[in-house]
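Undergrad: quick one: sequence and predicted model below, then my questions.
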Amino acid sequence: MEMEQTLVMIKPDGMSKKLAGQIIAKLEKEGLSLKEMKLMSLTNKIGEKFYQDTIKNLPHLKKALLDYITRSPTLALKAEGVNAINIARAIRGSSDPSKVEKGSIRGDFAERVNLKELAGQGRIWENIMHASGDKEEAQKECALIFNEPN
């Protein structure tokens, strides 16, 4: 089996709820190693690059996304291990708040919401953490976050 690297980002709401230690512990318990860690306040420029696909598909949520991700520090982690991408996503939980799994970070700590209602109000789901979706996304996101100066 091949080693993978992935980006895990503890978003502003996860940081304010003091979940960084629990998230790191879960990643390590599942066999992942932390290769890099960066506490940072994302700028609008980095936020736009990070969420470019979401902004392209849902342009009416751009302001809400950028306000959310830039409002306070995030903790970015480069995690490595066999099957790291799938492990990190399982720890994170579903992207659909109606399907989040108990025991996942989102299932245990994120607010249960109706995405259509939120979007209709120009709001987004504050969902604690991000985990890259595939190898290509992980490489792109790690380069963006860890190669950018603070």
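TA: Arrived safely.
Undergrad: which stretches in this protein count as helices?
TA: According to DSSP state H, the chain carries its helices in the segments 12-16, 20-29, 44-50, 52-57, 62-70, 84-92, 105-109, 115-120, 135-147.
Undergrad: can you tell me which of these is most buried?
TA: Mean neighbours per residue, mean count of other C-beta atoms under 10 Å, is largest over those for helix 84-92, with a mean of 21. Backbone N, C-alpha and C define where each C-beta goes, glycine included.
Undergrad: so which of the helices of the chain comes closest to Glu36?
TA: helix 135-147 (5.5 Å; C-beta to C-beta).
Undergrad: show me what that closest one is packed up against.
TA: Contact here means 3 or more C-beta pairs under 8 Å, 6 or more residues apart in numbering; DSSP states H and E; on that basis helix 135-147 packs against strand 3-10, strand 33-40, helix 44-50, strand 74-82.
Undergrad: using a markdown table, lay out those together with mean pLDDT and distance to Tyr68.
TA: Output for the helices and strands packed on helix 135-147, formatted as a markdown table (pLDDT from 0 to 100; distance: least, C-beta to C-beta, whole Å):
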| stretch | mean pLDDT | distance to Tyr68 |
| --- | --- | --- |
| strand 3-10 | 97 | 12 |
| strand 33-40 | 98 | 15 |
| helix 44-50 | 96 | 9 |
| strand 74-82 | 98 | 10 |
